[in-house]
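*Asks:* The following block contains a protein sequence and its predicted model.
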Amino acid sequence: MAHPEYLSDLASTVYENLENQHDWTLLESHTHKQAQDKTLLPRPLITGLPLAVELVKTHATYTVEETPEIEWVVPMHLNEKLTLKQLAAVFDSVELSEPLAEGRCKRLLMAIVHDDSTVVYYFVHDGIVKPRQN
Amino acid sequence: MTSDTPRPHVRISKAANRYLVFDIDDVMYLRRNHSICSPFVGTMPQAPQQSVFMGLPIELMAEEAQVLVEKNVAYVVDDCSYHPARITAAGPQDRQYIDAVQAITSDAERSLREGAEARKAMFANKGSSKKKGKKNVKTSDTPSSEDVIDGPSVDADAEAAAATSLFDTTTESPVATNKNPPVNREASEPWMATLTTSDSLLAPSPGQNEPLASVDVPPSYPLYAHLQDKGYFMMPGLRFGCDYNVYPGDPLRFHSHFQATGFQWNEDINVLDLVTAGRLGTNVKKSFLIGGKVEDEAMPKGKTEETAKNVRAFSIEWAAM
């Protein structure tokens, strides 16, 4: 069992974008669950460690700084359609290596690819999470 | 937040698919205890064109009306059928109301008549001296509070009598005929009065002989109910291109945190829409919140709060990279 080819290609595009444009480290691709049953993930996922600099840049006015953590990335194409059900399935397929801190939700980084190889990134939180700037 | 005495249900009037609340106590109660602060939509009779300083009633969103009905704190009355039904079937309560109105109008009418008679007498006695007469009119008018209606006194009397005699032919007027001596018959007929409130006409308890109306909620209702359950304040989302603006507290005190849009569990969402709303949200320091009713077994484990309403929501924010 494997993902359709276009999903694998999408994942490799995003992987290389993270590696070369955003200088992420510890990058890893995931197609199957880590746990014992090794079932196929609903979509291929990527994990990696963002550069600290990149996160600093996002809050120019924010003094409390978060240290980089391993992020889960879900590659998507702009022309795809998404449903709440699919999104929920992706979240449920993510297996965190360590339990979440109190009051924290799972979060994914949605990488959206366009045909000209532009990639934009959006954080998606599993639940109602207050925006960072507010 | 919780009151000791059970509060009477909030009466929501449904007219022309609008949900209106006319009682100011209810309006304050909804804002304080149920995170609902809908806009005032009533115009002032003197300036019906201006649209900045509106008064009662407030207009609820359909979602708000439905949430209140589900919480069992309100009931929705179909005003279109309620009014005609009540007008044809007058009960003892309505008799009281008509008596009360007649008491008010006959008071006003009597004081006007007394003022007119006093003035008439004054002119008859001291009409020869112009100066004196004028002075006397002034002094006699100032102590009475009814000088607003004393201008066209005699003509108005006749006109009012004509108008009320029309009124009297359709409804019985035992009060007017019994109370007054036949000499003053014409002058003492009750006038018409338009009161500012008609509370006393309403049924004392919810739904008593009142035609209840259903609420037509939009498909985004589950997300609304979910957020409302968590204590958020929702306002219409037109300004930020979504279904609801979501405030963490009273909108007078807080900026909104989210732009929320509801989806069906299996409804296709354009990825470009996520990007568009996500970028807009970032510019106005908000998160884009999507959510909907879970329609299968894929429910989050251990999240009792969320499963209570069976809604799942996701917050989307630009990652700035």
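*Replies:* Great, that's in hand.
*Asks:* State the number of residues packed around the residue nearest to residue A:121 when sequence neighbours are not counted.
*Replies:* Excluding the flanking residues, the one nearest residue A:121 by C-beta to C-beta, 6 or more residues apart in numbering or on different chains is residue B:319, at 3.9 Å. Yep, even glycine has a C-beta here, placed from its N, CA and C like the rest. Residue B:319 has 22 neighbouring residues, counting by other C-beta atoms under 10 Å in any protein chain shown.
*Asks:* Model confidence for residue 106, exactly?
*Replies:* The chain I'm using is chain A. On pLDDT, residue A:106 comes in at 84.
*Asks:* Correction: the question concerned chain B.
*Replies:* At residue B:106, the pLDDT value in this model is 86.
*Asks:* buried stuff in the helix or strand residue B:86 falls within?
*Replies:* For residue B:86, the host element (DSSP states H and E) is helix B:79-88. Across helix B:79-88, burial judged by 16 or more other C-beta atoms under 10 Å in any protein chain shown covers B:79, B:82, B:86.
*Asks:* Can you name the element that comes right after that helix?
*Replies:* Downstream of helix B:79-88, the next assigned helix or strand under DSSP H and E is helix B:92-126.
*Asks:* one step back: give me the contact list for the helix holding residue B:86.
*Replies:* Residues outside helix B:79-88 that contact it (C-beta atoms under 8 Å, 6 or more residues apart in numbering or on different chains) are B:13-16, B:20, B:94, B:201, B:210-211.
*Asks:* Tell me where chain A has helices.
*Replies:* For chain A, the helices defined by DSSP state H cover A:5-16, A:52-58, A:84-93.
*Asks:* Ok, chain B next?
*Replies:* Under the criterion DSSP H, chain B carries helices at the ranges B:24-34, B:62-70, B:79-88, B:92-126, B:130-141, B:153-170, B:174-179, B:221-229, B:271-283, B:304-309.
*Asks:* coming back round to it: can you list phi and psi of the residue nearest to residue A:121 for me?
*Replies:* Taking degrees, to the nearest 10, you get phi -90, psi 0 for the backbone angles of residue B:319.
*Asks:* My read is that it contacts residue A:124, right?
*Replies:* No. Checked against C-beta atoms under 8 Å, the pair residue B:319 and residue A:124 is beyond contact range at 9.6 Å.
*Asks:* list residues touching both of the two?
*Replies:* Common neighbours of residue B:319 and residue A:124 (C-beta under 8 Å, 6+ apart) are residue A:109.
*Asks:* Narrow the contacts of helix B:79-88 to just the buried residues.
*Replies:* B:13-14, B:20, B:210.
*Asks:* ok, back up a step: for the residue nearest to residue A:121, which residues are in contact?
*Replies:* So residue B:319 contacts A:58, A:109, A:121-123 (C-beta under 8 Å, 6+ apart).
*Asks:* Distance to residue B:315 added to those residues, as JSON lines?
*Replies:* JSON lines is the format used below for the contacts of residue B:319 (distance: C-beta to C-beta, whole Å):
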{"residue": "A:58", "distance to residue B:315": "16"}
{"residue": "A:109", "distance to residue B:315": "13"}
{"residue": "A:121", "distance to residue B:315": "15"}
{"residue": "A:122", "distance to residue B:315": "10"}
{"residue": "A:123", "distance to residue B:315": "8"}
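*Asks:* Break chain B into its domains for me.
*Replies:* What automatic domain parsing lists as the domains of chain B is B:1-89, B:92-184, B:218-321.
*Asks:* show me where chain A has strands.
*Replies:* Remark: strands assigned in chain A by DSSP state E are A:25-32, A:40-49, A:71-77, A:81-82, A:107-113, A:119-126.
*Asks:* Note down every partner strand of the fifth one and its orientation.
*Replies:* This means strand A:107-113. Strand A:107-113 has the following strand partners under DSSP bridges: strand A:71-77 (parallel), strand A:119-126 (antiparallel).
*Asks:* which of the domains of chain B is buried the deepest?
*Replies:* domain B:218-321 (a mean of 19; mean count of other C-beta atoms under 10 Å in any protein chain shown).
*Asks:* need the residues of the stretch 101-250 of chain B near chain A, please.
*Replies:* Residues of the stretch 101-250 of chain B lying close to chain A by C-beta under 8 Å from any C-beta of the partner chain are B:227, B:230, B:248.
*Asks:* pretty sure the last one is touching residue B:257, no?
*Replies:* Yes. The pair residue B:248 and residue B:257 passes the contact test of C-beta under 8 Å, sitting 5.4 Å apart.
*Asks:* got any residues that touch both of these two?
*Replies:* Common contacts of residue B:248 and residue B:257 (C-beta under 8 Å, 6+ apart): residue A:130.
*Asks:* Pull up the per-residue confidence for the nearest residue to residue A:41 once chain neighbours are set aside.
*Replies:* Leaving aside its sequence neighbours, residue A:41 sits nearest to residue A:93 (C-beta to C-beta, 6+ apart; 4.9 Å). pLDDT, the model's per-residue confidence, is 86 for residue A:93.
*Asks:* again, but for residue B:125
*Replies:* Looking at residue B:125, its pLDDT is 85.
*Asks:* and the residue of the stretch 1-150 of chain B nearest chain A?
*Replies:* For the stretch 1-150 of chain B, the residue closest to chain A is residue B:35, as judged by C-beta to the nearest C-beta, at 14.5 Å.
*Asks:* which residues does the closest residue to that residue other than its chain neighbours contact?
*Replies:* Nearest in space to residue B:35, with sequence neighbours left out and distances taken as C-beta to C-beta, 6+ apart, is residue B:233 at 4.8 Å. Neighbouring residues of residue B:233 by C-beta under 8 Å, 6+ apart: B:35-37, B:246-251, B:254.
*Asks:* can you tell me how far residue B:233 sits from chain A?
*Replies:* In this view, residue B:233 and chain A are 14 Å apart by C-beta to the nearest C-beta, to the nearest Å.
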